[in-house]
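Engineer: Fold the following, please.
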Amino acid sequence: MRPELPDVSKALTVDILVHGAQSRAQLARKTGLSAPTLTRLVRPLLEAGVLVESDSVRTPGRGRSSVLLDVAAEDYRYIGVKLTSESIYTVLTNLRAEVLASETLSKPSLHVPDAVSRVADAVSRMQAKAGRPVQGVGVTVGGRVDKGETVADSPFLDWHEVPFRTLLAEQVDAPLFLANDVVGLTMAQQWFGYGRTYPDFALLTVGAGVGYGLVINHEVVPTLVSPISHLPIDPHGPLCPAGHRGCMTAFVTSGAMVNAVSLARGRLTTYDEVLGLAEAGDPAAARVVAEAAHAVGRATAAITSLTGVERIILSGEGVRLVEIAPDSLHAGRVEYADGQASSPDPVILPMDFLEWARGAAVVAIRASFP
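Structural biologist: Next comes the predicted model:
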């Protein structure tokens, strides 16, 4: 077992992991450390194999060159698993969360012992593909996860107080980490996505549910999803399953939107059909989508007002709704801002569920490296 690294050594290593290979001179300028101090910190990292010296680059002045410090990303393997009510999504990644292999298993049983076995089997198949030891396995679910051990409440899986990590650890021979799925996606965006260059940003996801992640001063801030998922939008709006009238869940979740359009058209529709009808100009679908986009705009404005964070990523399997109704999104953002939006427009990043599984891998990466 490697000894615990000092915080400054961890910070250097993470900076190289996130921002790529850098010279000692670059790191010294960035951190304010003296050259001797940096050399002293880097030497044990090189000896332990945490960092490696890579190609030299030319630097100004008489043809000098500088050796770059990097992480050996290809020497590491991580597995990420995103569990939904409809599928198990699994990816194999390297240290920089670059996907090397993936698998989707449809229609898993949600009976807990069956789900444990299916996830363990998926992990085993990825371990076989890894070709080397796996440093960590991350698993994420929609819902509340307590202390990285228990799925305390997942309405999507209909699980309550399930000690999932403990059960899975009995069948998985690798370090195992359990987290909420939006936490994993937020971490992935912070280290390897849009948020990599910003100290502060928020993530708002829409789909079967509403998710919310927050990063302030480079730190992931623990958040409860309920204040956003049940944010009041219209006191005269529809009811959500929790009995709230006109909250985000009642307007923007795929189930609520499908129910509203199905009722208006007198027949059952699908979520993709709702969006297609809205794009085609169907009055009922267009109104439902516009109201949902307006609600998302209101939520982004609330996040900025309450946290001061201006950069917001919109994602999730249902995020296409804001692309269909951008004017409604904007109207919701500026409704209580005197018609002016001073913050940047939200960044819309559609992501499939394999990207959520990649977020699960990042949970393991962040927990185990360096």
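Engineer: got the end-to-end distance for stretch 317-333?
Structural biologist: 21 Å (CA to CA, to the nearest Å).
Engineer: Just the buried residues of it, please?
Structural biologist: Neighbour counts using 16 or more other CB atoms under 10 Å place 317-322, 324-325, 328-333 of stretch 317-333 among the buried residues. From N, CA and C alone the C-beta is placed, and that goes for glycine too.
Engineer: repeat for stretch 218-238
Structural biologist: Burial within stretch 218-238, assessed by neighbour count using 16+ other CB under 10 Å, is assigned to Thr223, Val225, Ile228, Ser229, His230, Leu231, Ile233, Gly237, Pro238.
Engineer: tell me the mean pLDDT over that stretch?
Structural biologist: Averaging pLDDT along stretch 218-238 gives 88.
Engineer: Show me where the stretch 251-370 of the chain has its helices.
Structural biologist: 254-265, 271-280, 283-307, 320-324, 326-334, 353-368 (DSSP state H, counting those that start in this stretch).
Engineer: I would like the C-alpha coordinates for the one helix or strand Thr186 maps to, written out in CSV, please.
Structural biologist: Using DSSP states H and E, Thr186 falls within helix 181-192. This file holds the C-alpha atoms of helix 181-192, laid out as CSV (Å, rounded to 0.1, in the frame of the first residue of the first chain):
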residue,chain,number,x,y,z
ASP,A,181,-25.7,9.4,-10.4
VAL,A,182,-25.8,13.2,-10.6
VAL,A,183,-22.8,13.4,-8.2
GLY,A,184,-20.9,11.2,-10.6
LEU,A,185,-21.9,13.2,-13.6
THR,A,186,-20.9,16.4,-11.8
MET,A,187,-17.5,15.0,-10.9
ALA,A,188,-16.9,13.9,-14.5
GLN,A,189,-17.7,17.4,-15.8
GLN,A,190,-15.5,19.0,-13.2
TRP,A,191,-12.3,16.9,-14.0
PHE,A,192,-12.8,15.8,-17.6
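Engineer: And it, what does it pack against?
Structural biologist: helix 7-19, strand 78-83, strand 136-141, strand 201-206, strand 210-216, strand 219-220, helix 353-368 (3 or more CB pairs under 8 Å, 6 or more residues apart in numbering; DSSP states H and E).
Engineer: following the lowest-mean-pLDDT helix or strand in the chain, which helix or strand shows up next?
Structural biologist: Least confident helix or strand, the chain: strand 52-58 with a mean of 72, by mean pLDDT, DSSP states H and E. Downstream of strand 52-58, the first helix or strand assigned by DSSP H and E is strand 65-70.
Engineer: relative to helix 7-19, how tilted is that next one?
Structural biologist: Strand 65-70 and helix 7-19 are oriented at 100 degrees to each other (axes from the mean of the first three to the mean of the last three CA atoms, to 10 degrees).
Engineer: Which elements pack onto strand 65-70?
Structural biologist: strand 22-23, helix 24-31, strand 52-58.
Engineer: What ranges in the chain fall below the confidence cut-off?
Structural biologist: 1-4, 56-65, 225-226, 338-342 (pLDDT under 70).
Engineer: circling back to that earlier point, can you add distance to Tyr271 and give the helices and strands packed on strand 65-70 back as TSV?
Structural biologist: Putting these into TSV (distance: least, CB to CB, whole Å) gives the following:
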stretch	distance to Tyr271
strand 22-23	44
helix 24-31	45
strand 52-58	46
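Engineer: Give me whichever of the ones you listed is most buried.
Structural biologist: Mean neighbour count, computed with mean count of other CB atoms under 10 Å, is highest for strand 22-23 among those, reaching a mean of 18.
Engineer: which outside residues touch that strand?
Structural biologist: Contacts to strand 22-23, defined as CB atoms under 8 Å, 6 or more residues apart in numbering, come from residues Asp15, Ile16, Lys30, Val57, Thr59, Ser66, Val67, Leu68, Leu69, Asp70.
Engineer: List only buried entries from those.
Structural biologist: Buried, going by 16+ other CB under 10 Å: Asp15, Ile16, Leu68, Leu69, Asp70, out of those.
Engineer: which residues does the fourth one contact?
Structural biologist: Contact criterion CB under 8 Å, 6+ apart gives Ile16, Ala21, Gln22, Ser23, Arg24, Leu27, Val42, Leu46, Leu51, Val52, Glu53, Ser54 as the residues in contact with Leu69.
Engineer: Go again with 7 Å.
Structural biologist: Ile16, Ala21, Gln22, Arg24, Val42, Leu51, Glu53 (CB atoms under 7 Å, 6 or more residues apart in numbering).
Engineer: which residues does it bridge with?
Structural biologist: Gln22, Glu53 (DSSP bridges).
Engineer: Dihedrals phi and psi, the residue nearest to Val112 when sequence neighbours are not counted?
Structural biologist: In space, and not counting its chain neighbours, Val112 is closest to Val162: 5.7 Å by CB to CB, 6 or more residues apart in numbering. The phi and psi values for Val162, taken as degrees, to the nearest 10, are phi -100, psi 120.
Engineer: With Leu268 instead?
Structural biologist: phi -70, psi 130.
Engineer: how many other residues sit next to it?
Structural biologist: The number of residues packed near Leu268 is 11, by other CB atoms under 10 Å.
Engineer: I figured it hits Val274, correct?
Structural biologist: No. Leu268 is beyond contact range of Val274, at 11.0 Å (criterion: CB atoms under 7 Å).
Engineer: ok, Ala208 touching Thr253?
Structural biologist: Yes. If you go by CB under 7 Å, Ala208 and Thr253 touch, sitting 6.3 Å apart.
Engineer: Settle it for me: which of those two has more neighbours?
Structural biologist: Neighbour totals were compared for Ala208 and Thr253, and Thr253 leads with 23 against 19 (other CB under 10 Å).
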